[in-house]
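*Asks:* fold the stuff below for me.
(one chain, ligands or ions: 1)
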Amino acid sequence: MNHRIYTQLLDKKQRGQKSFAVLIDPDKVNTTAIDQLVKLSVDAKVDYFLVGGSLVISNQLDEVVQQIKATCDIPVILFPGSPSQVSKYADALLYLSLISGRNPELLIGQHVISAPFVKQSGLEIISTGYMVVDGGAPTTVSYISNASPLPADKNEIAMCTAMAGEMLGMKVIYMDAGSGAKRSITESMIQSVAQQIDVPLIIGGGITDPEKAYRNCKAGADVIVIGNAIEKDISLIKEMAAAIHSIPVKA
Ligand code: 1GP
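*Replies:* Presented below is the predicted three-dimensional model:
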């Protein structure tokens, strides 16, 4: 297995270089929309595409990934909502264990069932401690996961969960307020977690303005994921990228 994407994430973290990932839900795009999204993303120097959704109904994951790969060099990372969301055409896969929940199926059960299939894909697998934080609305992810989200004001729980994830060997921590969250994750929670872990920290859910994305990076996020806000206004890609990339990189 290659470690290209992960090595790049670590390298960027070391230099304090922040990344912007655009989330694409394969259920919500068509060929024209993907072309437009890719063009704007290339122009804005988007770092990654995250492809997936909690509820992929359509069967077009392979097609979506292939179309992106055929038109640009931006790495495509799968963000699967279920074990069936695997496409060998992507660059890597976030192998998510829902460490904020206590549903054994999403901690390890589904992984056991899908392991041979995931391995066979040949994808770069990035073990991910996935933490769903209460975003003020029951989002698809919290419903599907059937696990209570981590309370938004309990920084200590978030901190200890992330530390445990890292010590268990997870390569990244992804804190998610859920797609379309009313409240994104607070800067104080991001800061508490970032101070305690060395692995890259991905933050997403309900980020709608560039200022918020910038503040999240300042608080310690290494990768900012945005889906909903861009679905609503595609021109936001440019502003979001500019805000995230404005954080100075260490020499
Ligand atoms: C959801 O973190 C992602 O899993 C992104 O959330 O769609 O609210 O940007 P939004």
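
*Asks:* okay, and the beta partners of the closest residue to the ligand within the chain?
*Replies:* Taking CB to the nearest ligand atom, the ligand has its nearest neighbour within the chain at residue 204, 2.2 Å off. Every C-beta, even on glycine, is put in place using the N, C-alpha and C of the backbone. Listed by DSSP bridges, the beta-bridge partners for residue 204 are residue 176, residue 225.

*Asks:* angles on the backbone of the residue lying closest to residue 26 once chain neighbours are set aside, please.
*Replies:* If the residues on either side of it in the chain are set aside, residue 26 comes closest to residue 64, at 4.5 Å by CB to CB, 6 or more residues apart in numbering. Backbone geometry at residue 64, expressed as degrees, to the nearest 10, gives phi -60, psi -50.

*Asks:* pretty sure residue 64 contacts residue 34?
*Replies:* Yes: Residue 64 is in contact with residue 34 according to CB atoms under 8 Å; the separation is 6.5 Å.

*Asks:* next, count neighbours for residue 130.
*Replies:* 25 (other CB atoms under 10 Å).

*Asks:* so where does the closest residue to it other than its chain neighbours fall, helix or strand?
*Replies:* Nearest non-adjacent residue to residue 130, counting by CB to CB, 6+ apart: residue 96, 4.2 Å away. Using DSSP states H and E, residue 96 sits within strand 92-98.

*Asks:* again with residue 214
*Replies:* Here residue 214 is assigned to helix 210-219, by DSSP H and E.

*Asks:* do the same with residue 131
*Replies:* Using DSSP H and E, residue 131 falls in strand 124-132.

*Asks:* which other helices and strands contact that strand?
*Replies:* Here strand 124-132 touches helix 4-15, strand 92-98, helix 140-145, helix 155-167, strand 172-176, going by 3 or more CB pairs under 8 Å, 6 or more residues apart in numbering; DSSP states H and E.

*Asks:* how about the last one: buried residues?
*Replies:* Using 16 or more other CB atoms under 10 Å as the burial criterion, the residues of strand 172-176 that qualify are 172-176.

*Asks:* report how many residues lie close to the residue nearest to residue 26.
*Replies:* 26.

*Asks:* next: residue 233.
*Replies:* By other CB under 10 Å, the residues close to residue 233 number 11.

*Asks:* ok, residue 117 next?
*Replies:* Neighbours around residue 117, by other CB under 10 Å: 11.
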